[in-house]
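In: with the sequence up front, the predicted model follows.
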Amino acid sequence: MRRDPWQWIAKTVRSPADAIQYACVLEATAPKAGNVHPVAKFDDLCFADFVVSAEIAASELTATTLDLGATLLGLGDRVHAVIQQTRSRTNTNVNLGIALLLSPIVVAEERYRTSDISWTLDAWREATANVLSTLSSDQSQRMGEAIAMAAAGGMDGDYQPEDPALDVHAASKSFDVMAGMREAKDRDLIAAEYANGFESFFAEVVPIVEASTGDTGDLLSGIALAHLQLLADRGDSLIARKNGREAERQIRDRAQRCLDAFASEGDFESIVAFDHHLRSDGHRLNPGTTADFIAAAVYVCLRMRSHLS
């Protein structure tokens with residue numbers, strides 16, 4: 001009988017912070033097509049940046065108070081702290097997507113997980129939706145400030161919202177991040193999760209990571225396989241924003257051909273060629289959004305196996 005590949009690491013996870021750090025480092029370590037990993041870097045980004053940002057995310061996303069307990073930290077405060085610290089220490093926006101995905105998931109567990117027996121993926125999804133539906137105006141503004149601070153660049157095309165009040169770069173005190181996410185949901189996979197209460201994340205993304213790691217019996221191989229599967233099934237909105245929908249469709253089709261060849265013939269050559277293709281043209285085809293989803297799903301997989309803490 002094959003052992004659960006998560007078992008060994010899960011037994012060392014004592015807190016949500018532990019799981020965040022493991023999730024971010026495991027995601028960055030797995031040899032995912034087109035992404036940074038220990039022996040593949042970009043001109044402005046390397047594996048060490050992900051390790052540093054993992055430590056920051058673990059610390060800041062689980063911080064509940066500021067000033068020795070005088071100030072309670074909300075969702076927006078935590079995302080803001082992650083982005084501020086990451087830009088200060090790495091001069092990148094390497095974990096913006098990870099922070100946006102993990103923050104409501106972590107806060108939902110913190111607020112609603114009271115027993116291991118009743119904590120299911122459905123319960124977690126409902127809790128996450130509740131966190132987002134009750135986001136206060138000040139925390140919405142803080143999150144908007146964090147997104148603007150990250151200054152994700154290199155995007156072609158005009159994606160300014162019709163309503164200037166939803167432009168995160170001109171966010172006022174009345175900025176509504178949830179309205180902004182709903183406006184962007186058709187062009188951004190992370191925004192779609194916010195708009196839909198993380199329904200597809202818990203119903204599709206987490207099960208794919210579970211299935212792939214179970215099929216391979218190995219975490220790193222399983223994560224890389226899940227990344228290909230998600231890319232084939234859902235595409236990648238970062239690729240679409242940089243290169244257009246047709247380019248994204250071609251990447252989806254090629255990812256599926258790689259999966260088919262691997263399943264039928266154990267062929268790695270098509271995956272290697274795909275990886276090289278994604279790294280061409282200054283990494284414009286980097287499937288970074290899919291990698292962010294992987295990190296968040298790994299967190300969930302680890303915490304579902306961890307004792308309440």
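Out: Perfect, thanks for sending it. Residues are numbered from 1 along each chain as shown.
In: all contacts plus neighbour counts: C-alpha atoms, from now on.
Out: Will do.
In: and I271, how many residues sit next to it?
Out: For I271, the neighbour count with other C-alpha atoms under 10 Å is 20.
In: isn't it right up against K32?
Out: No: using C-alpha atoms under 8 Å, I271 makes no contact with K32, being 9.6 Å away.
In: list the residues that contact A296.
Out: A296 makes contact with A23, I98, L101, L102 under the criterion C-alpha atoms under 8 Å, 6 or more residues apart in numbering.
In: flag the shaky bits of the stretch 1-150 of the chain, pLDDT-wise.
Out: The model of the stretch 1-150 of the chain has pLDDT under 70 over residues 1, 66-71.
In: still on that earlier bit, let's have the contacts of A296 in TSV, adding secondary structure, neighbour count and distance to E145.
Out: Output for the contacts of A296, formatted as TSV (DSSP: H, G, I helix; E, B strand; the rest coil; neighbours: other C-alpha atoms under 10 Å; distance: C-alpha to C-alpha, whole Å):
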residue	secondary structure	neighbour count	distance to E145
A23	helix	23	25
I98	helix	25	16
L101	helix	23	16
L102	helix	23	17
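In: now for those residues: which two are most distant?
Out: Every pair in the contacts of A296 was compared (C-alpha to C-alpha); the two farthest apart turn out to be A23 and L101, at 12.4 Å.
In: can you show me the helices along the stretch 51-200 of the chain?
Out: 75-90, 96-112, 121-133, 137-150, 177-184, 189-195, 199-200 (DSSP state H, counting those that start in this stretch).
In: quick one: list the elements packing against the longest one.
Out: This points to helix 96-112. Packing contacts for helix 96-112, counted by 3 or more C-alpha pairs under 8 Å, 6 or more residues apart in numbering; DSSP states H and E, involve helix 75-90, helix 121-133, helix 189-195, helix 288-304.
In: so what touches it?
Out: 16, 57, 61-62, 75, 78-79, 82-83, 124, 127-128, 130-132, 147, 150, 190, 289, 292-293, 295-296.
In: can you say which of those are buried?
Out: Buried members of those, scored by 16 or more other C-alpha atoms under 10 Å, are 16, 57, 61-62, 75, 78-79, 82-83, 124, 127-128, 131-132, 147, 150, 190, 289, 292-293, 295-296.
In: and the helices and strands packed on helix 96-112 as TSV, adding distance to V206?
Out: Output for the helices and strands packed on helix 96-112, formatted as TSV (distance: least, C-alpha to C-alpha, whole Å):
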stretch	distance to V206
helix 75-90	22
helix 121-133	9
helix 189-195	13
helix 288-304	5
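In: nearest to H227, of those?
Out: Here helix 288-304 is closest among those (C-alpha to C-alpha), at 6.6 Å.
In: would you mind measuring from V94 to E110?
Out: Distance, V94 to E110, by C-alpha to C-alpha, to the nearest Å: 25 Å.
In: please apply the same query to S15.
Out: Applying C-alpha to C-alpha to S15 and E110 gives a distance of 11 Å.
In: now swap in L100 and tell me
Out: 16 Å.
In: so between the two, which is more surrounded?
Out: L100 (24 against 15).
In: show the contacting residues for the spatially closest residue to F42 that is not a sequence neighbour.
Out: With sequence-adjacent residues excluded and distances taken as C-alpha to C-alpha, 6 or more residues apart in numbering, F42 is closest to V36, at 6.8 Å. Contacts for V36 (C-alpha under 8 Å, 6+ apart) come out as A28, F42, L45, C46, F47.
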